[in-house]
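# Please work out how this folds:
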Amino acid sequence: MDSDKPLRKISEAFIEIANSITSQNPNNQQLELQLASFSRACSLVSPLFRCLGIAFKFAEMDYVAKVNDLCDASVSISTLPSMMKKDIEDNCVRKPGSHTRNLLRVKRGLDMVRVLFEQILASEDNSLKSPASKAYGQVFSPYHGWAIRKAVAAGMYALPTKQQLLQKLNEDEASARTLMQNYVTASALVIVYIDKLFESRDLGIDW
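Prediction:
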């Protein structure tokens, strides 16, 4: 892989984002998470989707495109709340290509990785089929049509083993477990923060 320690970079970036959230008033609905640092952290997750192969090719392509949009937006928009405020004012929140819609899709990508890591940590099995199937079923499947679900199910048989994944990530079992757990804990805070941004603006998250 091009990156020497992609899992380490993901873990460190999301710990930093989570710390920036918890360091602010936890009861304040207007936490000002910086769009640039958030989108940069999200971009570090992209290589992980690549490591999972054909089953998550659709997720990788969609995720990368949406993260790139947020990165581009961060040049002129400073925070996630201000980005959403602008889309609400322009009445384009649910329109394809809107930054807010893309944020919701990116959040699902982060959540899928969180559930995948949780399942890997809970399993002694070297196969990733069960962890990946559970993560997909919990996060993505409700929003996908039959054709995509069928293609993903077929691709599950081409997943790398856990050991192959760790080799691609340049980690051993012990270091990977620590880094995965760090991401699970940190990303959960980030995901709750994003969900609150949507819910506090009556935008909903199930679309």
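# Tell me which stretches of this structure form strands.
Secondary structure of the chain (DSSP state E): no strands present.
# Show me which helix runs longest in it.
helix 173-199 (DSSP state H).
# Against which helices or strands is that one packed?
helix 6-22, helix 80-89, helix 99-122 (3 or more C-beta pairs under 8 Å, 6 or more residues apart in numbering; DSSP states H and E). Heads up, the C-betas are built off the backbone N, CA and C, glycines and all.
# Need the per-residue pLDDT for the most centrally placed residue in the chain.
The residue lying closest to the centre of the chain (C-alpha atoms, centre = their mean) is residue 110, at 1.4 Å. pLDDT for residue 110: 97.
# Identify the residues contacting the lowest-mean-pLDDT helix or strand in the chain?
Lowest by mean pLDDT, DSSP states H and E among the helices and strands of the chain is helix 146-155, with a mean of 90. Contact with helix 146-155 is made by 53, 54, 55, 56, 57, 58, 133, 136, 140, 141, 144, as judged by C-beta atoms under 8 Å, 6 or more residues apart in numbering.
# can you pull the alpha-carbon coordinates of it into CSV?
Taking C-alpha atoms only, helix 146-155 is exported to CSV below (Å, rounded to 0.1, in the frame of the first residue of the first chain):
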residue,chain,number,x,y,z
TRP,A,146,-31.9,-5.3,-4.5
ALA,A,147,-29.3,-5.2,-7.3
ILE,A,148,-26.6,-3.5,-5.1
ARG,A,149,-27.4,-5.8,-2.1
LYS,A,150,-27.0,-8.9,-4.4
ALA,A,151,-23.7,-7.6,-5.8
VAL,A,152,-22.4,-7.0,-2.3
ALA,A,153,-23.4,-10.5,-1.2
ALA,A,154,-21.6,-12.0,-4.1
GLY,A,155,-18.5,-9.9,-3.4
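# in that helix, what counts as buried?
152, 155 (16 or more other C-beta atoms under 10 Å).
# ok so, going back, and of the helices and strands packed on helix 173-199, who's closest to residue 186?
helix 6-22 (3.9 Å; C-beta to C-beta).
# now for that closest one, which elements pack on it?
helix 35-43, helix 46-51, helix 173-199.
# To residue 18, which of those lies closest?
Taking the helices and strands packed on helix 6-22 one by one with C-beta to C-beta, helix 173-199 is closest: 3.9 Å.
# That closest one vs helix 99-122, what angle?
150 degrees (axes from the mean of the first three to the mean of the last three C-alpha atoms, to 10 degrees).
# now the angle from helix 173-199 to helix 6-22?
40 degrees.
# could you give me the average pLDDT of helix 173-199?
The average pLDDT for helix 173-199 rounds to 97.
# hang on, residue 78 packs against residue 33?
No - contact between residue 78 and residue 33 fails when scored by C-beta atoms under 8 Å: they sit 10.0 Å apart.
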